[in-house]
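[1] take this sequence and fold it.
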Amino acid sequence: MATNSSKTNLLILMLFQGALIGLGAVLPGISGGVLCVIFGIYKPVMELLSDPIRNFKTHVPRLLPVIIGIAVGFLLISKLLSFLLNRYEDPSVCLFVGLIVGMLPSLFREAGEQGRSKGSFIAMAVAFAVILSLLVSLRVISVTIVPNFGWNLFCGFCVALSIIAPGMSFSTLLMPLGLYTPFVESIGNLDFVSLIPAGIGALLTVILLARAITNLMTHYYSMVFHAIIGIVIAATLVIIPFDSFLSVSSCLINLACLIIGIVAALLLDRFNSRFEKA
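    Model prediction:
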């Protein structure tokens with residue numbers, strides 16, 4: 001009886017962990033990959049993605065509750081985010097910026113787990129400069145991106161990247177390009193015209209990059225992780241709605257959302273730290 005109870009508790013725990021990973025994959029500033037690391041399942045997930053045929057029988061039964069949880073968390077939070085971004089865009093973005101800022105200390109801590117070198121900080125600076133230049137250039141020349149088959153493939157690429165590259169949230173790349181809100185809406189509404197190409201993009205990314213990223217994280221962990229931090233900081237600066245801080249009322253609301261986001265992320269990090277120790 002105790003054995004059955006333990007199995008049930010483990011199943012519930014894995015479903016809960018999967019739901020949190022699904023939430024992290026959609027919420028700006030929180031990486032599904034980082035949560036996989038925290039919950040101790042990043043290695044088996046990457047083993048499955050790197051060689052699904054060889055590891056299917058051994059890994060899928062073990063990870064199935066997590067996979068189900070990810071799907072549930074991913075779909076439920078997308079509907080809510082779609083509503084918030086349409087009705088309260090600037091406060092929502094400020095809340096997300098706060099989440100990102102609040103997660104930076106834990107990302108920096110994760111990046112230094114295997115030590116830091118001069119190359120780590122160079123990688124972070126180069127990634128920051130390249131991404132910031134690219135995103136600012138797109139804004140200066142007023143590029144308007146309309147979601148289509150190709151951009152939906154790119155959205156799928158970003159989603160897969162947020163799982164296989166710890167610290168990378170797909171919102172980091174999609175929000176500055178104006179693709180985050182329509183993509184989240186398509187998830188919440190189960191719009192398969194957008195989701196099918198996104199799924200193809202995610203699948204191709206996993207096939208082409210999972211093994212390569214695993215090797216990079218194994219041999220150049222610190223440099224890769226610091227580069228991801230540089231990308232996150234650059235992309236976050238670009239999405240801050242500075243214009244909305246001009247009036248007193250909107251400034252106070254946005255500052256409150258920013259602070260709430262920071263506090264929520266710090267509390268989540270504190271919870272995760274306790275969970276790891278346990």
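[2] does anything pack onto the helix or strand containing residue 150? Which helices or strands?
    According to DSSP states H and E, residue 150 maps onto helix 149-164. Applying 3 or more C-beta pairs under 8 Å, 6 or more residues apart in numbering; DSSP states H and E, one finds that helix 149-164 contacts helix 2-26, helix 32-38, helix 42-50, helix 170-174, helix 180-188, helix 192-219. C-beta here means a position set from N, CA and C on the backbone, and glycine is covered the same way.
[3] buried sites along it?
    151-164 (16 or more other C-beta atoms under 10 Å).
[4] list just the nearest of those to residue 265.
    Nearest to residue 265 among these, counting by C-beta to C-beta, is residue 162 at 16.0 Å.
[5] which one is that closest one nearest to, not counting chain neighbours?
    In space, and not counting its chain neighbours, residue 162 is closest to residue 170: 4.2 Å by C-beta to C-beta, 6 or more residues apart in numbering.
[6] so who does the spatially closest residue to residue 32 that is not a sequence neighbour touch?
    Spatial nearest neighbour of residue 32, excluding adjacent residues (C-beta to C-beta, 6+ apart): residue 25 at 3.6 Å. With contact set as C-beta atoms under 8 Å, 6 or more residues apart in numbering, residue 25 has these partners: 31, 32, 70, 73, 74, 159, 162, 163, 169, 170.
[7] doesn't residue 16 make contact with the third one?
    No. Contact status for residue 70 versus residue 16: not in contact, 11.2 Å apart, counting by C-beta atoms under 8 Å.
[8] more crowded one of the two?
    residue 70 (26 against 15; other C-beta atoms under 10 Å).
[9] which residue in the contacts of residue 25 has the weakest pLDDT?
    Least confident by pLDDT among the contacts of residue 25: that is residue 31, with 64.
[10] buried residues of the strand or helix carrying residue 100, list them for me.
    Using DSSP H and E, residue 100 sits in helix 89-111. Across helix 89-111, burial judged by 16+ other C-beta under 10 Å covers 90-104, 106-107, 110-111.
[11] quick check: which helices or strands does the helix or strand following that helix pack against?
    Per DSSP H and E, the first helix or strand lying C-terminal to helix 89-111 is helix 118-140. In terms of contacts (3+ C-beta pairs under 8 Å, 6+ apart), helix 118-140 is packed against helix 221-239.
[12] next, the angle from the helix it packs on to helix 89-111.
    170 degrees (axes from the mean of the first three to the mean of the last three C-alpha atoms, to 10 degrees).
[13] dump the C-alpha coordinates for helix 221-239 into PDB.
    Presented in PDB, the C-alpha positions along helix 221-239 are these (Å, rounded to 0.1, in the frame of the first residue of the first chain):
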ATOM      1  CA  TYR A 221      28.900  25.500 -20.200                       C
ATOM      2  CA  SER A 222      30.000  28.900 -18.800                       C
ATOM      3  CA  MET A 223      30.500  30.700 -22.100                       C
ATOM      4  CA  VAL A 224      27.200  29.400 -23.500                       C
ATOM      5  CA  PHE A 225      25.200  30.300 -20.400                       C
ATOM      6  CA  HIS A 226      26.800  33.800 -20.100                       C
ATOM      7  CA  ALA A 227      26.000  34.400 -23.800                       C
ATOM      8  CA  ILE A 228      22.400  33.500 -23.100                       C
ATOM      9  CA  ILE A 229      22.300  36.100 -20.300                       C
ATOM     10  CA  GLY A 230      23.700  38.700 -22.700                       C
ATOM     11  CA  ILE A 231      20.800  37.900 -25.100                       C
ATOM     12  CA  VAL A 232      18.200  38.000 -22.300                       C
ATOM     13  CA  ILE A 233      19.400  41.500 -21.100                       C
ATOM     14  CA  ALA A 234      19.600  43.000 -24.600                       C
ATOM     15  CA  ALA A 235      16.100  41.700 -25.600                       C
ATOM     16  CA  THR A 236      14.600  42.900 -22.300                       C
ATOM     17  CA  LEU A 237      15.900  46.400 -22.700                       C
ATOM     18  CA  VAL A 238      14.200  46.600 -26.100                       C
ATOM     19  CA  ILE A 239      10.700  45.600 -24.900                       C
END
